[in-house]
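Engineer: below: sequence and its predicted model.
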Amino acid sequence: MAKTRSKFICSNCGKQTSSFVGRCPNCGEFGTMQEVIEEVKKAGTIKQDRQPVGTTRTKPQRLRETDMTEEERLFVPVAEFNRVMGGGIVPGSITLIGGDPGIGKSTLLLQVSATLANETGRVLYVSGEESARQIKMRADRLGLDADELFLLTETNLNTIMSHIKDVNPMILIIDSIQTVYAEELDSSPGLVSQVRECASRLQALAKSSGISVFLVGHVTKEGSIAGPKVLEHIVDTVLYLEGDPFQAFRLLRSVKNRFGATSEVGVFEMQGAGMVEVPNPSEIFLAERVINAPGSAIAVTMEGTRPLVVEVQALTSPTNFGNARRTPNGVDLNRLLLISAVMTKRVGLRLHEQDIFVNVVGGLRVDEPASDLAMALALASSYVDKPLPADIIMVGEIGLSGEIRAVSQLALRLNEASKIGFKRAIIPRSRRNVDGLPKNMELLPARNVLEAMNLVLPR
């Protein structure tokens with residue numbers, strides 16, 4: 001009988017220890033160390049070659065002799081999904097999709113599956129969390145019907161592999177990877193060893209057979225995909241479906257893509273008919289904007305290669321306590337603290353006596369420094385209780401000395417704002433030589449945040 005031993009693996013970062021500890025020594029998370037029991041090989045035994053089923057042995061080849069015949073991508077009729085994937089699905093690729101529970105991951109993938117089954121070829125949808133009847137009920141509610149879409153409710157990886165061989169699909173969807181288990185391992189489904197082993201075998205299947213694989217991953221309370229970080233290294237593409245549960249908009253964001261641009265974003269709206277594409281999100285985000293309202297400023301942020309025009313709202317109110325509050329919604333707290341400190345020190349606004357609330361309309365999250373100037377002028381507008389001009393946008397990063405720094409892709413941002421109808425723009429005076437600026441937009445250069453404030457809020 002083979003001997004066994006225990007080791008403990010962090011479900012957050014993959015750190016291994018020989019004994020149990022309450023806090024991971026690598027990432028510092030509490031309660032993430034999970035026990036894994038493994039067999040101890042006797043000394044002198046030869047380790048069996050664990051080559052995944054369906055793969056063939058390869059031989060080294062010279063770089064110049066490598067076949068460069070480009071495989072044609074599988075076009076997805078869903079344009080927003082196609083954008084995030086980099087122009088289509090690469091045959092033999094493996095993609096990981098994460099998101100909060102109920103955000104719409106299964107709905108989006110079911111819609112994409114039905115569309116691909118009708119347009120491209122066979123799709124096998126494997127669910128370990130729902131029955132076939134439940135999936136059919138969702139499909140009927142969304143009005144989906146596809147003859148080449150096959151449903152499978154199974155969690156045993158070996159059984160799934162045998163069905164894949166019988167069906168021979170072009171697209172394989174696993175919903176979710178945390179429910180699948182390999183019976184060769186003694187650990188329970190969802191543990192680090194099971195997730196890593198199942199993902200590795202599915203990756204080998206994709207590379208050897210040309211089947212494009214999509215994995216749905218659970219997320220932790222911090223919003224990252226559950227399991228060790230190695231899971232994200234195994235796959236070719238990592239997508240996150242984001243959105244405020246109280247808002248209808250959903251953002252499909254690419255954070256890793258070996259075949260396309262990273263940080264690309266597709267915008268959807270959750271409706272009764274499922275996830276509906278939003279082809280022009282800038283107009284949607286500004287549809288309910290209140291003109292001439294104090295504390296409202298317009299910024300243009302870049303999400304991958306797409307410019308988005310968003311409204312940044314700020315509210316300042318005298319504090320009743322010793323420590324003023326700073327409450328961000330859609331922006332980074334540290335960025336808000338930096339901007340409020342600069343406005344206090346360099347402009348002379350007594351924001352240390354004010355509670356500050358900042359909100360990005362539409363449930364979006366804006367982390368780009370190019371939105372600093374809009375946030376700063378929104379704070380100033382609320383503080384002096386005067387509205388900013390309705391036809392002006394602000395683009396610029398703010399430094400600690402109050403200077404406005406240049407941002408990337410300025411022409412693309414301004415052209416997007418010009419299409420919507422904005423006539424003026426405050427931009428950094430230190431901008432680099434930029435071609436393609438809109439001719440019908442008045443540009444107002446500013447060296448620092450005080451100059452920008454005097455342009456729109458003269459004292």
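Structural biologist: Structure's in. What do you need?
Engineer: for Ala261, what are its contacts?
Structural biologist: Taking Cβ atoms under 8 Å, 6 or more residues apart in numbering, we find Ala261 in contact with 86, 254, 304-305. For the C-beta atoms, the positions are set from N, CA and C on the backbone; glycine is no exception.
Engineer: can you give me the helices for the stretch 101-250 of the chain?
Structural biologist: Here the stretch 101-250 of the chain has its helices, by DSSP state H, counting those that start in this stretch, at 105-119, 132-142, 157-167, 192-209, 230-234.
Engineer: which among those is found nearest to Leu96?
Structural biologist: helix 230-234 (6.5 Å; Cβ to Cβ).
Engineer: list the buried residues in the closest one.
Structural biologist: Across helix 230-234, burial judged by 16 or more other Cβ atoms under 10 Å covers 231-232, 234.
Engineer: also stretch 19-29?
Structural biologist: 24, 29.
Engineer: just give me the closest of the contacts of Ala261 to Ser263.
Structural biologist: Taking Cβ to Cβ as the measure, Ser263 lies nearest Gly304 of those, at 4.5 Å.
Engineer: is the closest one in contact with Gly266, as I believe?
Structural biologist: No: here Gly304 does not reach Gly266: they are 9.3 Å apart, not a contact under Cβ atoms under 8 Å.
Engineer: what about the stretch 51-200 of the chain, any weak spots by pLDDT?
Structural biologist: Applying pLDDT under 70 to the stretch 51-200 of the chain flags residues 51-58, 68-71.
Engineer: which of the contacts of Ala261 has the most neighbours?
Structural biologist: Ser254 (23 neighbours; other Cβ atoms under 10 Å).
Engineer: and the pLDDT at Pro25?
Structural biologist: With respect to pLDDT, Pro25 scores 87.
Engineer: next, the contact list for it, please.
Structural biologist: 15, 17.
Engineer: and it, backbone torsions?
Structural biologist: Pro25 adopts backbone torsions of phi -70, psi -10, taken as degrees, to the nearest 10.
Engineer: try the one 5 residues further on
Structural biologist: As for Phe30, its main-chain torsions (degrees, to the nearest 10) stand at phi -100, psi 140.
Engineer: distance-wise, check the spatially closest residue to Pro369 that is not a sequence neighbour relative to Pro307.
Structural biologist: Spatial nearest neighbour of Pro369, chain neighbours left out: Glu397 (4.0 Å); criterion: Cβ to Cβ, 6 or more residues apart in numbering. Applying Cβ to Cβ, to the nearest Å, one obtains 16 Å for the distance of Glu397 from Pro307.
Engineer: again with Val347
Structural biologist: For Val347, the distance to Pro307 - Cβ to Cβ - is 28 Å.
Engineer: ditto for Ser212
Structural biologist: 30 Å.
Engineer: who's more crowded, these two?
Structural biologist: Taking other Cβ under 10 Å, Ser212 and Pro307 do not tie; Ser212 has more neighbours (26 against 20).
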